[in-house]
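[1] Structure for this input, please:
(one chain, ligands or ions: 1)
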Amino acid sequence: MIAVHARTRIKICGLTREADLDAAVEAGADAIGFVFYPPSPRHVGVERAAQLASRLPPFVTPVGLFVNAALDDVAAACAAIPNLLLQFHGDETPAQCEQAARPYLRAARMAPGFDLLNFARQYAGLPHARAMLLDAHVEAYGGAGKVFDWSLVPPSVPCPVVLSGGLNAANVTDGVLRLRPWAVDVSSGVEAAKGVKDVVLMRQFCDAVREADARLADLDSAY
Ligand SMILES: O=C(O)c1ccccc1N[C@@H]1O[C@H](COP(=O)(O)O)[C@@H](O)[C@H]1O
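    Numbers count the residues shown, from 1 in each chain. Predicted structure coming up:
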């Protein structure tokens with residue numbers, strides 16, 4: 001039996017300001033990302049992220065993004081934000097991702113020749129791996145607003161997929177219809193400036209995801 005499509009989860013990443021966080025939640029975000037990567041223009045310190053995360057209502061998940069961070073830094077963020085979901089976006093090995101003993105999303109940097117299935121296989125069965133987050137391969141590791149070639153995604157990936165990389169209100173409906181990811185993740189596409197979110201763009205983005213969900217539910221229930 002084919003399950004009827006329910007809804008695609010939405011993560012909005014790179015929040016640095018209270019008003020943006022409140023607006024993201026109001027727009028319909030299921031998860032809010034804090035960038036703990038100092039070179040990023042969206043970087044926030046642990047104390048600041050904890051202040052912001054304390055505003056989140058129940059059932060909205062704070063996510064901590066790390067790029068090749070020391071275990072102590074990851075542990076400090078986990079201690080300050082107890083329900084933090086981790087996102088490893090650098091060159092971490094599976095063993096390093098497991099070290100914090102907390103659930104995590106693993107970023108896969110998509111480019112021609114990258115073997116996603118082989119990469120995902122290294123995380124299969126690991127106790128804390130929760131999803132593959134597919135992003136475009138860029139020098140800066142991420143947050144560059146670059147779309148990757150979605151045809152690089154194999155027809156079935158054996159774990160939940162989070163689609164990211166250059167998403168915005170104009171292309172996310174297509175992405176959801178094509179790849180049926182568990183969730184989508186956006187940063188640049190809903191920004192007025194780096195680290196400053198735009199309320200209207202966040203609303204339009206979430207509405208575009210809901211539009212895709214409605215179309216998938218129609219398709220599925222037609223069978
Ligand atoms: O947001 C950043 O500054 C960032 C820095 C380093 C690694 C990842 C980063 N963000 C993540 O990148 C993807 C794609 O973002 P965008 O929508 O293309 O801007 C997303 O998963 C962010 O969480």
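[2] Distance of the residue nearest the centre of the chain relative to the ligand?
    Central residue of the chain (Cα atoms, centre = their mean): Asp185, 3.8 Å from the mean position. Separation of Asp185 from the ligand (Cβ to the nearest ligand atom, to the nearest Å) stands at 4 Å. All C-beta atoms are positioned from the backbone trio N, CA, C, and that covers glycine.
[3] Just say helix, strand or coil for that residue.
    What DSSP: H, G, I helix; E, B strand; the rest coil gives for Asp185 is strand.
[4] can I assume Phe148 is in contact with Leu134?
    Yes - judged on Cβ atoms under 8 Å, Phe148 makes contact with Leu134 at a distance of 7.2 Å.
[5] higher neighbour count, these two?
    Between Phe148 and Leu134, counting by other Cβ atoms under 10 Å, Leu134 is the more crowded of the two (26 against 22).
[6] and that one, what helix or strand is that in?
    According to DSSP states H and E, Leu134 maps onto strand 129-136.
[7] How about that strand and the ligand, any contact?
    Yes - under the criterion of Cβ under 6 Å from any ligand atom, the ligand is reached by strand 129-136 at 133, 135.
[8] Who are the packing partners of the next helix or strand after that strand?
    Using DSSP H and E, the helix or strand that follows strand 129-136 in sequence is strand 161-163. If you count contacts as 3 or more Cβ pairs under 8 Å, 6 or more residues apart in numbering; DSSP states H and E, strand 161-163 packs onto strand 129-136, helix 172-179, strand 183-186.
[9] Show residues contacting strand 161-163.
    With Cβ atoms under 8 Å, 6 or more residues apart in numbering as the test, strand 161-163 has contacts from 11, 105, 131-134, 153, 175-176, 179, 181-185.
[10] Below-threshold pLDDT in this protein: ranges please.
    1-5, 223 (pLDDT under 70).
[11] quick one: contacts of the longest helix belonging to it?
    Using DSSP state H, we find that the single longest helix of the chain is helix 199-221. Helix 199-221 is contacted from outside by 2-8, 10, 12, 20, 23-24, 27-29, 167-170, 172-177, 180, 184, 186, 189-192, using Cβ under 8 Å, 6+ apart.
[12] rewinding a little: check the helices and strands packed on strand 161-163 for me and report the most buried one.
    strand 183-186 (a mean of 26; mean count of other Cβ atoms under 10 Å).
[13] That one pairs with which strands, and in what direction?
    Here strand 183-186 has these sheet partners by DSSP bridges: strand 9-13 (parallel), strand 161-163 (parallel).
[14] check whether the shortest one contacts the ligand.
    No - contact between strand 161-163 and the ligand is absent, the nearest approach being 7.5 Å (criterion: Cβ under 6 Å from any ligand atom).
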